[in-house]
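K.L.:
got a structure for you, letters missing:
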């Protein structure tokens, strides 16, 4: 048995110092194995393989420190072809979980890859208008095809391996004779960029989808446009033929999956259940099961005959905007793009039931000091107050006129501060729901809020490049801290309240003396800083940002102790457990990493 199959998926592919990964990253595409037993799913972390019957994780395919998203392009049973946005192509042995061949050349942006039916040749579509053919065994370049006048986004090989179809930015579809290496014909009719082309299993029909909202069916032999399915402004997701060629399906932006009869173009079925736009679809080889994935991070399996859901895969999240440990260290919570708040018990590590209710992404989450209350904020402008133990919503706080970017609990446990795009900071009594005060002064969006440990000072940071200090009890302004030259994205008080740090898009972290409100020191980061956090004892400062790295400094000496990699996109959230042994990072790759601080600093668990 492969080693990964004996572990929880939360332990797969961890960087040094990390002890768990709590989510799987965004979904790019899905593809059934030829025997229908497995489903390949892209995530920002790599390529996931799932058992279709159990919906359980089988394997995560990753190659070293690749910081790219592999997209499954072809699968002939034992070899899976993927392409990455970093201009590379990989061939994987799915039995051993190993990469066999890696093609890395200057291909510009590779948009799609297709394998010939006999597995001997690879074709790549790229954004330099060139179609390239490769020997799949040696990775040797064989020949190029030219003729498109813009980016090429879609590519497909006919089932008999004789015809290649391509489409792209120039709004045309081109058919090519593979053996003769020549252009056969050009199909016109779309009014927008052509995102995808797909042959029917018998090779008679070619389907194309475009930015113009149309799904077109073409006669491959004579180039005749057979049928146009117009969904208007409802953007069409990835299209797929059933293996017998009788049906064609696509996800749609209106949260549904549409299935049509391929011959007549008439609607066969509409599958409902997803909570957001559906971007990808795939039929199983036996024609009995259909898979679809959605912006909500859920992959659903459907019974084709009954049109009912028969299983689902969860855990694929596009980005993590906020995270927090409960004060007693037993629970970890994180928001996401999926409108849900995800909760985990930490000992042992088990997922709890998510909290649902927001209409948009959950961007902020904080616990009360007594561990009983959880507060979340969303881009829908609302703040929800939750009972942690019951998992129920207690109250909704409304008043902000736009997205909420920041939340902070006052140490008294009953007052919450919020700030957002409407440039205001609001203080709330969570027991009564009353708005206690509204603080104004920032001239741009409020990005972060922190309240000092002694409860006296509220700090706020903004896109106006400033940090402002306020009397936390009266709301009166105290002073403005100037010095940053770009957005101040994140702020944090040291546990003793003597220092405030601010992280900015100007690629610096600034230290401020809270007794004198004077600037102390600057740390040069060489990356936009989106998150800062102190360890509970105040000895370590953590920062994360645009360059996908976490930096750990000794607060007393200001020396850099460690630089950690493991995320594949911006890091937007950092938080420490109450005992200081563990810290969490989350970001735009849709994953949360839990780290052992002692191992990160010293190589062993000594912290």
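P.N.:
That came through, no problem. The shown structure was predicted, so the numbers you read here are calculated from the model rather than taken from an experiment.
K.L.:
going by C-alpha atoms from here, please, whenever you check contacts or count neighbours.
P.N.:
OK.
K.L.:
and the nearest residue to residue 60 once chain neighbours are set aside, what pLDDT?
P.N.:
Nearest residue to residue 60 in three dimensions, chain neighbours excluded: residue 48, at 4.6 Å (C-alpha to C-alpha, 6 or more residues apart in numbering). pLDDT recorded at residue 48 is 87.
K.L.:
quick one: residues contacting residue 48.
P.N.:
Shown in contact with residue 48 (C-alpha atoms under 8 Å, 6 or more residues apart in numbering): 40-42, 57-61.
K.L.:
mind doing that once more with 7 Å?
P.N.:
40-42, 59-61 (C-alpha atoms under 7 Å, 6 or more residues apart in numbering).
K.L.:
try residue 509
P.N.:
Applying C-alpha under 7 Å, 6+ apart, the residues near residue 509 are 501-503, 522-524.
K.L.:
ok, 6 Å please
P.N.:
Listed by C-alpha atoms under 6 Å, 6 or more residues apart in numbering, the contact partners of residue 509 are 502-503, 522-523.
K.L.:
most neighbours among those residues, which one?
P.N.:
Neighbour counts for these (other C-alpha atoms under 10 Å) peak at residue 503, which has 31 neighbours.
K.L.:
who does the helix or strand where it lies pair with, and is each partner parallel or antiparallel?
P.N.:
Taking DSSP states H and E as the definition, residue 503 sits inside strand 499-504. Next to strand 499-504 in the sheet, as set by DSSP bridges, lie strand 488-493 (antiparallel), strand 508-513 (antiparallel).
K.L.:
looking at those, which is closest to residue 141?
P.N.:
Residue 141 lies closest, by C-alpha to C-alpha, to one member of those: strand 508-513, at 45.2 Å.
K.L.:
packing partners of the helix or strand following the closest one?
P.N.:
For strand 508-513, the following helix or strand on the C-terminal side (DSSP H and E) is strand 518-524. With contacts taken as 3 or more C-alpha pairs under 6 Å, 6 or more residues apart in numbering; DSSP states H and E, strand 518-524 sits against strand 508-513.
K.L.:
give the buried residues for the strand it packs on.
P.N.:
Neighbour-count burial for strand 508-513 flags 508-512 (criterion: 16 or more other C-alpha atoms under 10 Å).
K.L.:
would you map the strands across the stretch 101-250 of the chain?
P.N.:
110-115, 121-126, 130-135, 141-146, 152-157, 163-168, 173-177, 182-187, 194-199, 205-210, 214-219, 225-230, 236-241, 247-252 (DSSP state E, counting those that start in this stretch).
K.L.:
ok, of these, where does mean pLDDT dip lowest?
P.N.:
Among the strands of the stretch 101-250 of the chain, strand 110-115 scores lowest, with a mean of 82.
K.L.:
show me what that strand pairs with in its sheet, parallel or antiparallel.
P.N.:
With DSSP bridges as the test, strand 110-115 is paired with strand 121-126 (antiparallel).
K.L.:
need the contact list for the residue nearest the centre of the chain.
P.N.:
Closest residue to the average C-alpha location of the chain: residue 318 at 2.1 Å, with C-alpha atoms, centre = their mean. Shown in contact with residue 318 (C-alpha under 6 Å, 6+ apart): 25-26, 590.
K.L.:
quick one: least confident of those?
P.N.:
Within the contacts of residue 318, pLDDT is lowest for residue 26, at 78.
K.L.:
nearest spatial neighbour of that one, skipping sequence neighbours?
P.N.:
Residue 26 sits nearest to residue 318 (C-alpha to C-alpha, 6+ apart), 4.2 Å away.
K.L.:
quick check: which element contains the one you found?
P.N.:
Going by DSSP H and E, residue 318 is not in any helix or strand.
K.L.:
check the gap between it and residue 250 for me.
P.N.:
As judged by C-alpha to C-alpha, to the nearest Å, residue 318 and residue 250 stand 21 Å apart.
K.L.:
residue 354: which of the strands of the stretch 101-250 of the chain is closest?
P.N.:
Comparing the strands of the stretch 101-250 of the chain against residue 354 with C-alpha to C-alpha, the closest turns out to be strand 247-252 (25.1 Å).
K.L.:
how about the closest residue to residue 196 other than its chain neighbours, what does it touch?
P.N.:
If you skip the residues right next to it in sequence, residue 196 has residue 154 as its closest partner in space, 4.1 Å away by C-alpha to C-alpha, 6+ apart. By C-alpha under 6 Å, 6+ apart, the residues touching residue 154 are 166-167, 195-197.
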